[in-house]
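Chemist: Got a sequence here, can you build the structure:
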Amino acid sequence: MTPIFSRTLKALSTLLVAAVLTACGSGSTVDPFKPTRVIGLGDGFNDSARAIAPTVADQVAANFGLGLSSVVNGGSTTATIAALSAQIDSVIGAGGFTSGDLVVISVGTIDVQNSASPTANNEVPELVRQVQRLLDYNVKHVLVMPVLDVSRTPWGIANSFEQGSAAATNSTGTFNGEVLTRLSANFGGRSPNPVIYANSGTSPISSQFLSMTATTPIWISPFNCFKRASCTNGATADTSLFDTSDTYLTSVGNKWVGNLLYNATAQGWR
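Modeler: Model prediction:
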């Protein structure tokens, strides 16, 4: 890791850690919570129709001791933030939400892919509106996943998307920063936390991913390869972060993110 990138990453991580505790409620008030149901909304990370399982919502549920029968996945690999409204409507039409639900939102990857400045096109304000809708429908716990740096995914590399860009200021960094700012402005200071943005604590998800790049193909278990299709070290779909040239992870990658999402709930829910 170059000194400049290291300083940038440390500065970004410090900012996120400091800001999120005031952004999404106080980290000092614990709201002992075990969901009765976990609902996954958003993009391919919560798309149960994909061949890759579990979803990140599945893994969060497992960490809370819940089985798959307690998980509802409404994500789609093609979903942008604009799709959240219809996904929420679908849950409402199927019986609605309850105060025992934990809603896990993974969205924004397609928005970043589609625009160099996603925050200028109403995407993040729309995300905030849909989070507020969930709260209006009696949801007490909303967990939001940050976008993994698109420039560092196999899709980003194959399409020369912002290659060599600074993580804090490229499209993904701008998006994640705007999400943090908007969540802080709209839901911060509440006790207990109704919304947790899972990009904080000692291991922010975005910076964890930034430490794994295609130029560093072998890592600590469970990953020993960035993209299985281009590896020669015996990697499998269970030991690679990516399986194909897109932006979505392997099964073990989803488990990894799901575990980090669960860890973020220690900011006030357990």
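
Chemist: Poorly predicted segments of the stretch 151-270 of the chain, please.
Modeler: The stretch 151-270 of the chain contains residues with pLDDT under 70 at 200-203, 215-220, 232-233.

Chemist: how about a cut-off of 80?
Modeler: Residue ranges of the stretch 151-270 of the chain with pLDDT under 80: 200-203, 212-221, 229-237.

Chemist: which residues in it form helices?
Modeler: 154-158, 171-187, 205-210, 251-264 (DSSP state H, counting those that start in this stretch).

Chemist: With respect to Ile81, which of the ones you listed lies nearest?
Modeler: Minimum separation from Ile81 across these (C-beta to C-beta) falls at helix 171-187, 9.9 Å. Every residue, glycine included, has its C-beta placed from N, CA and C.

Chemist: Going by contacts, tell me the helices and strands next to that closest one.
Modeler: In this structure, helix 171-187 makes packing contacts with helix 3-23, helix 109-114, helix 123-136, strand 195-197, helix 205-210, judged by 3 or more C-beta pairs under 8 Å, 6 or more residues apart in numbering; DSSP states H and E.

Chemist: Going by neighbour count, list what's buried in it.
Modeler: Judged by neighbour count using 16 or more other C-beta atoms under 10 Å, the buried positions of helix 171-187 are 171-180, 182-184, 186-187.

Chemist: now do stretch 128-143
Modeler: Applying 16+ other C-beta under 10 Å to stretch 128-143 flags 128, 130-131, 133-135, 137, 139-143 as buried.

Chemist: do stretch 197-216 as well
Modeler: Quick answer for stretch 197-216 (16+ other C-beta under 10 Å): 197-201, 204-207, 209-210, 212, 214.

Chemist: Tabulate those in TSV, adding columns for distance to Pro222.
Modeler: TSV is the format used below for the buried residues of stretch 197-216 (distance: C-beta to C-beta, whole Å):
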residue	distance to Pro222
Tyr197	25
Ala198	20
Asn199	22
Ser200	23
Gly201	21
Pro204	20
Ile205	16
Ser206	19
Ser207	19
Phe209	15
Leu210	18
Met212	12
Ala214	18
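
Chemist: Need the nearest residue in space to Gly44, chain neighbours excluded.
Modeler: Excluding the flanking residues, the one nearest Gly44 by C-beta to C-beta, 6 or more residues apart in numbering is Thr77, at 3.7 Å.

Chemist: Please tell me the pLDDT value assigned to the one you found.
Modeler: At Thr77, the predicted lDDT confidence score is 94.

Chemist: how about it, secondary structure?
Modeler: Thr77 falls in the coil class when you classify it by DSSP: H, G, I helix; E, B strand; the rest coil.

Chemist: Run the chain-centre distance for stretch 239-256.
Modeler: In terms of C-alpha atoms, centre = their mean, to the nearest Å, the centre of stretch 239-256 is set 14 Å apart from its chain centre.

Chemist: so which of the helices of the stretch 151-270 of the chain gets nearest Ser99?
Modeler: Of the helices of the stretch 151-270 of the chain, nearest to Ser99 by C-beta to C-beta is helix 171-187, at 16.6 Å.

Chemist: Using CSV, write out the CA atom coordinates for the closest one.
Modeler: Extracted in CSV, the C-alpha atoms of helix 171-187 (Å, rounded to 0.1, in the frame of the first residue of the first chain):
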residue,chain,number,x,y,z
SER,A,171,-17.8,7.9,-7.2
THR,A,172,-18.1,5.2,-4.5
GLY,A,173,-16.4,7.3,-1.8
THR,A,174,-18.6,10.3,-2.7
PHE,A,175,-21.7,8.1,-2.5
ASN,A,176,-20.8,6.5,0.8
GLY,A,177,-19.9,9.9,2.2
GLU,A,178,-23.2,11.4,1.1
VAL,A,179,-25.1,8.5,2.6
LEU,A,180,-23.4,9.1,6.0
THR,A,181,-24.1,12.8,5.8
ARG,A,182,-27.8,12.4,4.9
LEU,A,183,-28.4,9.7,7.5
SER,A,184,-26.8,11.9,10.1
ALA,A,185,-28.9,14.8,9.2
ASN,A,186,-32.2,12.9,9.2
PHE,A,187,-31.8,10.2,11.8
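
Chemist: Closest to Asn46 out of the buried residues of helix 171-187?
Modeler: Closest to Asn46 out of the buried residues of helix 171-187 is Val179 (16.7 Å), distances taken as C-beta to C-beta.
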